[in-house]
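S.K.: mind folding the following:
(chains A and B)
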Amino acid sequence: MRPFVYNRASDPTTALNMLSGKPNAKFLAGGTNLLDLMKEDVERPAELVDISGLALTTIKTITSGPNQGGVSIGGLGKNTDAANHPLIRQQYPLLTQAILAGASGQIRNMATNGGNLLQRTRCPYFYEVSMPCNKREPGTGCGALEGINRLHAIFGWSEKCVAVYPSDMAVALAALDAIVKVRNVGGQERAIAFADFHRLPGDTPHQDTNLAPGELITAIELPPSKLADKAYYLKVRDRASYAFALLSVAVGLEMAGNRITQVRIAMGGVAHKPWRALTAEKMLVGKEATEANVRLAAEAEMAAAKPLEHNKFKVELGKRSIVLALQTALNGVG
Amino acid sequence: MDENEVPELSDDEKKLFEDLMPEDLNDILDTGVNRRHFLKLMSLAGSGLLAAQSAVAEQLFTKPIGLPTSAELAPASVENGVNVAFKVNGAARKLLVDSRMTLLDTLRERLELTGSKKGCDHGQCGACTVILNGQRVLSCLTLAASCEGKTVQTIEGLAQGSGSTVRLHPVQEAFLKHDGFQCGFCTPGQICSAVALIDEAKRGDASYVTADVRKKAAPLQLSTEEIRERMSGNLCRCGAYANIVAAVQEVQHGKPVEQTFRFSA
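M.R.: This is a model prediction of the structure:
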């Protein structure tokens, strides 16, 4: 690992000031991804500002504003604590399931909620510094496009990058229409709709998100939700646990009898960001929750997929996974 | 122990083997304590015979658990040094560390606590698992600098007492009884992970295989499926998983679980 200066921040203002004007400095929170990437020589910060001790860990009901009645999750709280908080388990079981589907007990105890959103792709070409990668080194090309791309994108990719975004938690947050609250060094706060937080690769795959340099994620807000009764996170992977998703599906429904009044479907492992299955959602709203309707919606959604040489299986897998996730949610979990 | 190295047993140890395993004594004196002898001893330990038999036996087992005798080792060089004070297995430690130093390397290279193992060094195997402020974490992805004021518990800190009065942690006992290891390299991480897991279940924490996360119950009694899921961050290349699960289940349920293995004749 290359040498770096380590500094510890005690509050958000100090942290933002410590990072200000230093393009080679980075925040360190849980470190589960950043330290690994530093060992691999993919990340080469000259300075780390340790923000793991900031008091941005509270999980609480939102009492005013547009998301009143929803829940706010501190950006520096641990994944384990978010997954197991009674407010989250009761009102957003989809988020609990998705967090618990990711990584291992040890890693969830370390990883923070804000950090989870900022983790980098696990594309092997991104990790291997001897390979070309536009995300790691813009302009060098994409090794995966014509390489081994079994794990890669089927939606929204570009000639510059076919990597997928790895988080499970974020797939549930996409389905729940979460809002990311950020603060800059001037103390200004802004709210980023979850759909706008992560980016498609386009010509700038080195930019994973729309977070501006020097901004700090202070909280993730969940609007009030009526999806808790019918929600399920399905994760398909190469081994039963402790592996990144080949493909995952987060679903939540609100029903009136057997009619679907509201439905959210988001997919992981298929694109450079959590992929909202908007086509399928539109087809299902107002319809009876029959197997035929669910299947039609899944097929329509996956019809737009553009698989690569080695990941054609993800198209059929996506169809079946959407159907299975919806059926499991409809039948009630447990 | 080197494979070809003939062990130097103390007189007490010779006496112990003579008492317990007279048929194997010559073998042991010639070629050392092999896996078969060790397992035999373990089965005696599991049945409680050994403890009653000899205090020397306990010492034999607990030798690797001894606390470091020397002060911490000096580093060859330190860049971007960070002063850090934290507690390790109950003892206050103050060190100047290179900012790049992981908690794992600090434990192993500076504090002579080599129980925590470096398997992959990339957060993929769990061999480096320690308990930090009561939570299991990966010490290979934790900077020592970030441990200021924290409390670390490693495999060396799980047993109570020392020397002839040492009492193993129930999870350590259960791993011995169930033969929850083959080469033993992943074992310290497995045991630390299991110790913390048992606390998580006591609190009622959910897992991905929990049927309904909205139903909160505590304490939980974990099924085999739950234990496998919750221990999935600890890989065992030897594949001792069935025995590891049995060991964790025994402690978690608080009642004996039948051994999944048998000795050959």
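S.K.: ramachandran angles for residue 160?
M.R.: Defaulting to chain A. Here the main-chain torsion angles of A:Lys160 (degrees, to the nearest 10) amount to phi -80, psi -30.
S.K.: wrong one, chain B
M.R.: phi -100, psi 150.
S.K.: hey, where'd the strands end up in the chain?
M.R.: Because you didn't say which chain, this covers chain A. A:5-8, A:25-28, A:47-50, A:59-61, A:71-74, A:179-183, A:189-193, A:216-222, A:230-236, A:247-256, A:259-268, A:275-276 (DSSP state E).
S.K.: the chain in question should be chain B.
M.R.: Under DSSP E, chain B gives strands at B:82-88, B:91-97, B:129-132, B:135-138, B:151-153.
S.K.: so A:Val171 sits against A:Gly268, correct?
M.R.: Yes: in this structure A:Val171 lies within contact range of A:Gly268 using CB atoms under 8 Å: 3.9 Å. Every residue, glycine included, has its C-beta placed from N, CA and C.
S.K.: which neighbours do these two have in common?
M.R.: By CB atoms under 8 Å, 6 or more residues apart in numbering or on different chains, A:Val171 and A:Gly268 have these common neighbours: A:Ser248, A:Val249, A:Ala250, A:Pro274.
S.K.: ok, now which ones touch the one residue in chain A that gets nearest to chain B?
M.R.: Residue of chain A nearest chain B, by CB to the nearest CB: A:Ser104 (2.5 Å). Residues near A:Ser104 by CB under 8 Å, 6+ apart: A:Ser241, A:Tyr242, B:Gly126, B:Ser232, B:Gly233, B:Asn234.
S.K.: of those, closest to A:Ser321?
M.R.: A:Ser241 (17.3 Å; CB to CB).
S.K.: what number of residues lie near the closest one?
M.R.: By other CB atoms under 10 Å in any protein chain shown, the residues close to A:Ser241 number 18.
S.K.: now it: closest residue in space that isn't a chain neighbour?
M.R.: B:Ser232 (3.6 Å; CB to CB, 6 or more residues apart in numbering or on different chains).
S.K.: with A:Leu296 instead?
M.R.: Nearest one to A:Leu296, counting by CB to CB, 6+ apart, is A:Met283 at 6.6 Å.
S.K.: biggest helix in the chain by residues?
M.R.: Just so you know, I chose chain A. helix A:313-331 (DSSP state H).
S.K.: actually chain B
M.R.: Chain B, longest helix under DSSP H: helix B:187-203.
S.K.: now do it: distance to the chain's middle.
M.R.: Computed by CA atoms, centre = their mean, to the nearest Å, the chain-centroid distance of helix B:187-203 equals 11 Å.
S.K.: does chain A sit close to that helix?
M.R.: Yes: judged by CB under 8 Å from any CB of the partner chain, helix B:187-203 comes into contact with chain A at B:Ser193, B:Ala196, B:Leu197, B:Glu200, B:Arg203.
S.K.: most surrounded residue in those residues?
M.R.: Neighbour max across these (other CB under 10 Å) = B:Ser193, 30 neighbours.
S.K.: I figured that one hits A:Asn109, correct?
M.R.: No: here B:Ser193 lies out of contact with A:Asn109, judged by CB under 8 Å, at a distance of 10.6 Å.
S.K.: kindly report the domain assignment for chain B.
M.R.: B:1-65, B:82-157, B:158-265 (automatic domain parsing).
S.K.: do you know which of those lies nearest A:Ile51?
M.R.: Closest among the domains of chain B, using CB to CB: domain B:82-157, at 10.2 Å.
S.K.: quick one: distance of that closest one to the chain centre.
M.R.: 15 Å.
S.K.: got it, and stretch B:150-159?
M.R.: For stretch B:150-159, the separation from the chain centroid amounts to 10 Å (computed by CA atoms, centre = their mean).
S.K.: would you mind pulling the contact partners of that stretch?
M.R.: B:62, B:65, B:67, B:86-90, B:103, B:107, B:113, B:115-116, B:130-134, B:166-169, B:171-172, B:188, B:191-192, B:195.
S.K.: buried ones among these?
M.R.: B:62, B:65, B:86-89, B:103, B:107, B:113, B:115-116, B:130-132, B:168-169, B:171-172, B:188, B:191-192, B:195 (16 or more other CB atoms under 10 Å in any protein chain shown).
S.K.: ok, residue 88 - contacts?
M.R.: Using chain A here. A:Ile59, A:Val71, A:Ile73, A:Ala82, A:Leu95, A:Thr96.
S.K.: my question was about chain B
M.R.: Per CB under 8 Å, 6+ apart, neighbours of B:Val88: B:Leu107, B:Leu111, B:Leu113, B:Val152, B:Gln153, B:Thr154, B:Gly157.
S.K.: I'd like the distance between the spatially most central residue of chain A and A:Tyr127.
M.R.: The centroid of chain A falls nearest to A:Ala170 when counting by CA atoms, centre = their mean (2.5 Å). Going from A:Ala170 to A:Tyr127 by CB to CB, to the nearest Å gives 20 Å.
S.K.: and for the residue lying closest to A:Thr261 once chain neighbours are set aside, the neighbour number?
M.R.: Distances taken as CB to CB, 6+ apart place A:Glu254 nearest to A:Thr261, at 5.0 Å, with adjacent residues excluded. If you count neighbours by other CB under 10 Å, A:Glu254 ends up with 18.
S.K.: and if you look at the one 4 residues further on?
M.R.: Per other CB under 10 Å, the neighbour tally for A:Asn258 reads 10.
S.K.: count the neighbours of residue 76 for me.
M.R.: I'll assume chain A. Quick note: A:Leu76 (other CB under 10 Å) scores 25 neighbours.
S.K.: was after chain B, sorry
M.R.: B:Ala76 - counted by other CB under 10 Å - has 7 other residues nearby.
S.K.: contacts only, for A:Ile148.
M.R.: A:Pro124, A:His310.
S.K.: bridge partners for B:Val137, pull those for me.
M.R.: Bridge pairing for B:Val137 (DSSP bridges) gives the partners B:Val130.
S.K.: pretty sure it is touching A:Ala111, no?
M.R.: No: using CB under 8 Å, B:Val137 is not in contact with A:Ala111; the gap is 10.1 Å.
S.K.: the more surrounded of these two?
M.R.: B:Val137 (29 against 26).
S.K.: quick one, helices of chain A?
M.R.: Using DSSP H, helices in chain A cover A:12-19, A:34-39, A:79-84, A:86-91, A:93-101, A:105-110, A:113-117, A:124-127, A:169-175, A:194-197, A:278-284, A:291-302, A:313-331.
S.K.: tabulate the ones you listed (TSV), appending mean pLDDT.
M.R.: Below are the helices of chain A laid out as TSV (pLDDT from 0 to 100):
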stretch	mean pLDDT
helix A:12-19	98
helix A:34-39	98
helix A:79-84	98
helix A:86-91	98
helix A:93-101	98
helix A:105-110	98
helix A:113-117	98
helix A:124-127	98
helix A:169-175	98
helix A:194-197	98
helix A:278-284	98
helix A:291-302	98
helix A:313-331	97
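S.K.: would you reformat the ones you listed as CSV and include distance to B:Leu222?
M.R.: Listed next are the helices of chain A as CSV, based on distance: least, CB to CB, whole Å:
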stretch, distance to B:Leu222
helix A:12-19, 39
helix A:34-39, 29
helix A:79-84, 15
helix A:86-91, 18
helix A:93-101, 14
helix A:105-110, 12
helix A:113-117, 26
helix A:124-127, 34
helix A:169-175, 24
helix A:194-197, 34
helix A:278-284, 36
helix A:291-302, 34
helix A:313-331, 22
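S.K.: which non-adjacent residue is nearest A:Gly202?
M.R.: Using CB to CB, 6+ apart, the nearest residue to A:Gly202 is A:Ser158, at 5.4 Å.
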